[in-house]
Structure formats: C-alpha cells, structure tokens
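Undergrad: Predicted model, plus sequence, below.
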Amino acid sequence: MAMNLTLFISIGLSEQKAKETVKNEALSNELKQVIEHAQKINKGASIEKTIGTLLYHVATRSKNKKRNNFITEYVVHKKITSEAQLTASFEYFRCNPLDPVDVKAFDEACGVGVVVTPEEIEDTVEEVLEKHKDNLLEKRYHYNTGLIMGEVRQKLKWADTKMVKSEIDMQVLDLLGPKTAADMEKPKDAKTGKSKNKEKKPKEKKKEQSTDEKSEREYTSMNQLCGEALRFHKTGENYKTEGYVVTPKTMDLLKQHLKETNGEVRTRFPPEPNGILHIGHAKAINFNFGYARAHGGKCNLRYDDTNPEKEEEKFFIGIREIIEWLGYKPWKITHSSDFFQELYDFAVELIKRGDAYVCHQRADEIKGFNPPDSPWRNRPIEESLQLFEDMRKGKIDEGDATLRMKTILEEGKKDPVAYRIKFTPHHRSGNDWCIYPTYDYTHCLCDSIENISHSLCTKEFQSRRSSYYWLCNALDLYCPVQWEYGRLNLNYTVVSKRKIGKLISQGIVSDWDDPRLFTLTALRRRGFPPEAINRFCAKVGVTMSQVSFDPSMLDACVRDVLNDTATRVMSVFDPIKITITNFPSKKDLEFDVPNIPHDTSKGTHKVRLSSTLFIEQSDFAESGDSNFRRLTKEQPVGLKYANLVISVESVLKDQSGKVKELKVKCVSVTETEKPKAFIHWVSEAIKCEVRLYERLFRHQHPEDPAEVPGGFITDCDKDSLKIIPDALVDLSVKGAKVYDKFQFERNGFYSVDPDTTDKKLVFNRTVLLKEDSGKK
C-alpha cells in the first residue's frame, strides 16, 4: 500500500487523492498497471504532472480496459495532450471495439497532431465575442460567458481550455473595463427587482414541497419519467453498452439485426403463465410496452411456458386481458414453446462446441452456490450427444440427467442447468417433448430469435447477464442487451403466488381477485382505473435501485383519475327516515344534478325528492356541540341540490332508544338564514350491497420476521372487510354495469362488483375521498 501511495504521488496526484485511490483496491491495481506501462514506455524517466493527470483519467474512465496500453502510449508520447482528446479516444473505442485499430481514423477522431495556435484562439474568441457584444455591454459582468466558451470550443475542438478561458477573460476586460461597484452586486430579478440569490432559496424550497402535489397529468407516459432508460443504447449500437461482450462476429450480426428490424426498438414482456399478474408486473408492462411505444418500436407478449406442471389456460387468458386493460396491444403474441425445436437444435450445437454436457447429479446435489464440480463435466462430446438424444426420447428417468452449460453466473453459481426431464404433457405441444429448457437457457435465445433490441428485466436477473451474453456468443447468435431496473414493491402487501394461495386456502381472502390484494385483477375489481395504475408506474419512474412505496401513493393517483371521471351520486349507508310535514308540492320534486361538478361537458342526471327521504345517522344529533354543523333539534341543515332547509319538529325512537324517524318542516333556502352545512340524502333509492375494504395487513412489511414474528398470516386484519347489505343509493345508478365507477358524495369512490345480479347491485369501495390520516 505504501509503495502504491509513493507511486501515485510521483505522477502528480496530491497526497489526499493518492490516499483515496489506494483505498479502492480495484482502481489502485488499474492505475498501477497504467503507470508501470507508462514508465516502461518512458524508459524509467519521471512522469510529468500533466501526463500523470491524463494517466489517472485512463485508469478511472476507460471502459475498454484492453485499450489502456494503446491510449497510454499516445499520452506518454504526447500525441494526446488534453482531456478533450482523451475523452475522444474513449468514445472512439466505444464505437469501434474490434481489432485491428485503424490508426489513421483514431488519430483523426482524437485530433492527434492538430495544433491550435494562440493566434487562432485570439481570432476565434474575437469573432465569437462580436456576436455577443450587445448583450455583454448591456449585462456586463453579469452576462453568462459560458455561452461564449461553448461556441469557441465548438470551433476549436482541440484548443487548450485554460488558454481559451484566459483569452476570453482578457478580451472581455478589454471591452468592458474593470468591474464597477454595480458589477460586484448580485444580479436582480427582472420582475421583482430583488436580488435573485435572496429569493432563490425560498422559491426552490417551495418548489420541492409542491412536487408531489403536481397534477398527475404530467406523468402520462413512461417516456416522461424514464429515469435510467435515458442512457439505453440506440438500436444496433449494442456494443456501446458497458459490459456488452464483443466477438469477431458481433458487428455482422448487428447489421443483420438492423436489416431484419428496420432499426426499430423491439422489447418483450415475458410472464410465466402460472399465476395472476400483480402491481409489480404493471411497472414491467408499462416499461416494456411504454419504452417501445415512446420510440416508435414494437413489443411482444411472450409467454415463458417452459414449466408445464404449473401452467393453466386461465392464466394465459388473464395475462392478455390485463395487458389490454392497461391499454397496450402486443405486436405479436408468442410462446417460448414456439421455439422448442430451435432451442433443442441450439443445445445440440452447444454440446458439439464443447460448451454443454449431460450430468447425472441430482437436483439436491447441485443446490446452493458451492456444490461439488460435476464428475461428468469433461465427458466426451459424442457421449453427451447420445445421452441428450436419449433424454429427448424419454429413455432416461426424470431427475436422472440434466444438460448443463459450462459457464459461471455472476453470483458464482457454476454450470447452470439448460434442460431437465419432465414427463408432463405441455398445454400446447402435448406429449411431443419430455425435456424442457430452463429460464437461464431459454430467455436469451428467445430474445435473440425474436430480434429483441432491449431485454428489460428486474434487478434480480442481473446475476444472469453474463450467462445471457455468453450463451448467445457461444452459439454465434445475435445478442441483445440486457438492462435491469429496480422492482416495484408496495408496503402492506404480499404478491408471492404461494403466499396468496395460502391466503385463499385459509379463507382469509376469497380468490386471486379479492379487492384487498394487489394483483391487477384485484385492483380492477376494486375499481382502480387502468389510467391511474399507469400514471402511478410513470410517477414511480425507472430506477436501478429497489424501492418500496406506500399504497397511499397509488391511492392518490386513483383519486385524481376518478375525480375527473366518476359520476357523483348520493347514498346513505346507515339511514334515518325523514318525513317532511309541509312538503311544498303535491308531486315529487325533480332536480338536475351535475355528473361531475367541475366539468359541465359530462352532463347531468335527475334526482327526485318526495316528502319521505333518508339521511345518515351521523348527520343528526339530538344535541350537538359547537363543532357539530349538521342537523340537531335546535339547528337546521340544508339538503344538497334541493335548495331546502329542514328543521326538526319531533324525534321518533324505537324500543332501544335508537332514532328511527324525524318529523321535519322545510323552507326554501332563499327565505331563511343560510345553514351551517348542506348534507346529502336519498329519496327515490334502491337497496344495494356495499363492501368496505381496509388494508389486509397491519404492518408495513408483513413478510419480515423482525416486524411480524408470527408470519404474514398472523398479520392479517380479520375485520378488513365490512359489508353493508342494504345501503340506499340514488335511483340514478340503476342499470349500472360491472366496473362502472361512481363517487358517493361525502363518502368515497365506488365501483360495481362482478357479483352484481339483475336483482341487486354490489359496490366495492375503491378509495376514500381523502387519505385516511389515521393510517400509518
């Protein structure tokens, strides 16, 4: 370590910088190799500080390490003398990864041999300064001279930055003269006349506070908040991606790929058809389909149907329906099983190339990360070919043989399985096959066959990236780029298929679409609009880190959508009968009520009022305190939309003392003082079943044993569903269809449940009108 410290200081690094570098073992080793190569070229002579600075950048910034020696030679021989030239060298090798190096093209791309004289710098600065002269004279030293620097650098790409900066400063001083007292003052805002700096901090703080309050209309597509996707490669430029493996055949394969796809972005959403999609899949659907749509490309729905024991037709149908419900249409619907023959042929070729072998270790022998090496790893190729054929023909029992690939995953697991024996009929191919490929084998090859340009998957598959590239390159096939992103997790929920199955089997929830779950079918049944789910996914964005979100963030997106789309109706869950003794008409009164008050284009519906109506029990108190603004014996209240104010004449109770009816008199709102409040009511109503859903789990992380020692089942709230069998809802909802959405005024948003019959409507509460502040 001490030797490295001395070595790093010898090239001009400060002692502090050298110490920081020594702490990073990988960087320290890389820099040491670069310096030692430079010393060899320099025949042991000391290295100048300017060269040393560039060598440090070679070690820290170069992505193509095999080119470091080549670049180091140019630096030591002073063919590359500036950071701009060095950056150009990195970019050249990023775009030209194959041997041999075209020295002439490299020199031209990096400005090797180009000399920019002080006279050229002076003349160019003078020319650019003339364009900015008027603004400079007006704003003087408050003018942004970075604009001038940028234009000069465009004209003189290889000029020394310090010389350009010095020349600009000198010519500006010559034009404007020394700074005055006014030049020294902080610039003022053109509107307020106040110092920008004094006002800036509070404004920025206010802006940060209101970020979450922005209208979700700003987050309508994945393209707007694509986060890390901004650095994704352009089609055909796979080789520019860090970590992508380039072989002698890569460039020709990319040319063929571009020819077959016309240079379009191609993505795919590859679910396993053995369960229902959940909220995490919504992000994957939005990202895969949304990224392709935003770039004018195409996205396939590919069922990863290589596990016949767990796949059911209902899952295939359910997955497609949910994708279409979210507003996406696959370009093609494919299956991994479509390519079973090609995949088998590739496996045979892999064996012939010595990159795969038939192994007889049992599944439990190769579990974990440090299993013993297979004693059959180096068996003759012909022997593996024959055994693989025997596997294919059903001559070997299930579990007695697998085909394994000779590669190591990034997580350290050696020789992953490519094929295993399963004597289970496949839902599409029947009994044609008794060997089935694994995810590690199938995924990348199907991506290659389908000409996928961007293979987007969640972070847990990062450990498979090296085997993904290895397998495509081992077979000399086109190799897509695998990009990983953070999985979307929600607090207060579980999404594991096994755990949801346990909730169902124990009768805690009714099925996969129970509205307390966060499967997409459950959210649809609960009344979540697909636009709100898409908006939530866009707002969350795409990051490489795994982050958990509170369901309240999703609820907020739901409210924003429903506020603009859900028809308002009145309902009463816990009714008190009201009889108006002086009803002002022999006939029922009829009123036009706006469907959505802030949007007149959505029209109105009729509401009828007779002398008999119903209000909520909670809207009446025989004697209320000063904070109670609704109906009491002494305090009148207004009836919303009816323009009537009612006051109590008498209170009728049942034997238990519960209020069952109020006799009231009414007066027009124009003929009396304005009441403290207006309440909702129903008169001509129908009886409906209303289901009130709460969170299923009490704790944020129900699967965390530290938080819930007894397991997730013990964390379930058995009172998370309350059913109101005979709620009264205004007659205007009659004829509503399944999934129609309404706002029950002063209550919440509700959706028609599939359990609805011709005889009775059933409503699910989607979300409250406002977030429940009592939830933690």
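TA: Received it, and whenever you're ready, just let me know what you need. Numbering: from 1, shown residues only.
Undergrad: Do me a favour and get the backbone dihedrals for Thr670.
TA: Here is the backbone geometry of Thr670 (degrees, to the nearest 10): phi -80, psi -10.
Undergrad: In contact with the residue lying closest to it once chain neighbours are set aside, which residues?
TA: Excluding the flanking residues, the one nearest Thr670 by Cβ to Cβ, 6 or more residues apart in numbering is Asn643, at 7.5 Å. C-betas here are computed from N, CA, C, even on glycine. Neighbouring residues of Asn643 by Cβ atoms under 8 Å, 6 or more residues apart in numbering: 668-670.
Undergrad: Using CSV, lay out these together with pLDDT.
TA: Formatted as CSV, the contacts of Asn643 follow (pLDDT from 0 to 100):
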residue, pLDDT
Ser668, 95
Val669, 94
Thr670, 92
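Undergrad: Which ChimeraX command selects the buried ones in the residues you listed?
TA: To isolate the buried members of the contacts of Asn643 in ChimeraX, using 16 or more other Cβ atoms under 10 Å:
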select :669
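Undergrad: Can you tell me which of the contacts of Asn643 is nearest Thr521?
TA: Nearest to Thr521 among those, counting by Cβ to Cβ, is Val669 at 46.5 Å.
Undergrad: Go ahead and name everything in contact with stretch 320-331.
TA: 269, 277, 281-282, 285-286, 289, 292-293, 298-301, 333, 520-521, 524, 530-531, 533-534.
Undergrad: Apply 6 Å and report the result again.
TA: For stretch 320-331, the surrounding residues in contact (Cβ atoms under 6 Å, 6 or more residues apart in numbering) are 277, 285, 289, 298-301, 520, 530.
Undergrad: Then stretch 419-431?
TA: For stretch 419-431, the surrounding residues in contact (Cβ under 6 Å, 6+ apart) are 308-309, 311, 337, 391, 398, 402-403, 434-437.
Undergrad: List just the nearest of these to Tyr357.
TA: Tyr357 has its nearest neighbour among the contacts of stretch 419-431 in Leu403, at 7.4 Å by Cβ to Cβ.
Undergrad: Neighbours of the closest one, how many?
TA: Using other Cβ atoms under 10 Å, the number of residues around Leu403 comes to 25.
Undergrad: if I've got this straight, it is in a helix?
TA: No. Secondary structure of Leu403, determined by DSSP: H, G, I helix; E, B strand; the rest coil: strand, with no helix assignment.
Undergrad: following the helix or strand of the chain with the lowest mean pLDDT, which helix or strand shows up next?
TA: Counting by mean pLDDT, DSSP states H and E, the weakest-scoring helix or strand in the chain turns out to be helix 196-210, with a mean of 42. Counting by DSSP states H and E, the next helix or strand C-terminal to helix 196-210 is helix 250-261.
Undergrad: what helix or strand is Arg361 on?
TA: Careful, residue 361 is Gln and not Arg. Assigned by DSSP H and E, Gln361 falls within no helix or strand.
Undergrad: confidence score at it?
TA: pLDDT for Gln361: 95.
Undergrad: what does Ala26 give?
TA: 84.
Undergrad: how close does it sit to His281?
TA: 36 Å (Cβ to Cβ, to the nearest Å).
Undergrad: try Val494
TA: The value you get for Val494 to His281, if Cβ to Cβ is used, is 15 Å.
Undergrad: Which one of Ala26 and His281 is surrounded by more residues?
TA: Between Ala26 and His281, His281 has the larger neighbour count (other Cβ under 10 Å), namely 21 against 7.
Undergrad: Am I right that the more buried one falls within a helix?
TA: Yes. Read with three-state DSSP, His281 is one of the residues of a helix.
Undergrad: Once you drop chain neighbours, what's closest to Phe269?
TA: Asn288 (4.5 Å).
Undergrad: quick one: contacts for that neighbour?
TA: Applying Cβ under 6 Å, 6+ apart, the residues near Asn288 are 267, 269, 299, 456.
Undergrad: Of the contacts of stretch 419-431, which is the nearest to Asp599?
TA: Glu311 (45.3 Å).
Undergrad: Helix, strand, or coil at that closest one?
TA: Under three-state DSSP, Glu311 comes out as coil.
Undergrad: Could you check how far it is from Met391?
TA: The value you get for Glu311 to Met391, if Cβ to Cβ is used, is 21 Å.
Undergrad: do Arg526 as well
TA: Using Cβ to Cβ, Arg526 is found at 47 Å from Met391.
Undergrad: Who are the packing partners of the helix or strand containing Phe763?
TA: In the assignment (DSSP H and E), Phe763 maps to strand 762-768. With contacts defined as 3 or more Cβ pairs under 6 Å, 6 or more residues apart in numbering; DSSP states H and E, strand 762-768 has these neighbours: helix 551-565, strand 685-693, strand 748-752.
Undergrad: So for that strand, what gets flagged as buried?
TA: Within strand 762-768, judged by 16+ other Cβ under 10 Å, the buried ones are 762-767.
Undergrad: Residues in contact with it: which ones?
TA: 515, 526-527, 555, 558-559, 688-693, 748-751, 753, 755-756.
Undergrad: Tell me what angle that strand forms with strand 748-752.
TA: 150 degrees (axes from the mean of the first three to the mean of the last three Cα atoms, to 10 degrees).
Undergrad: Give me the sheet partners of strand 762-768 and which way each runs.
TA: According to DSSP bridges, strand 762-768 forms sheet pairs with strand 685-693 (parallel), strand 748-752 (antiparallel).
Undergrad: so how far is that strand off the chain centroid?
TA: Centroid displacement of strand 762-768 relative to its chain, using Cα atoms, centre = their mean, to the nearest Å, is 27 Å.
Undergrad: send the alpha carbons of that strand over as CSV?
TA: The C-alpha trace of strand 762-768 is given here as CSV (Å, rounded to 0.1, in the frame of the first residue of the first chain):
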residue,chain,number,x,y,z
VAL,A,762,-73.0,-4.7,-5.4
PHE,A,763,-70.5,-1.9,-4.9
ASN,A,764,-66.9,-2.0,-3.8
ARG,A,765,-65.3,1.0,-2.1
THR,A,766,-62.3,1.9,-4.2
VAL,A,767,-60.8,4.7,-2.1
LEU,A,768,-62.0,7.3,0.3
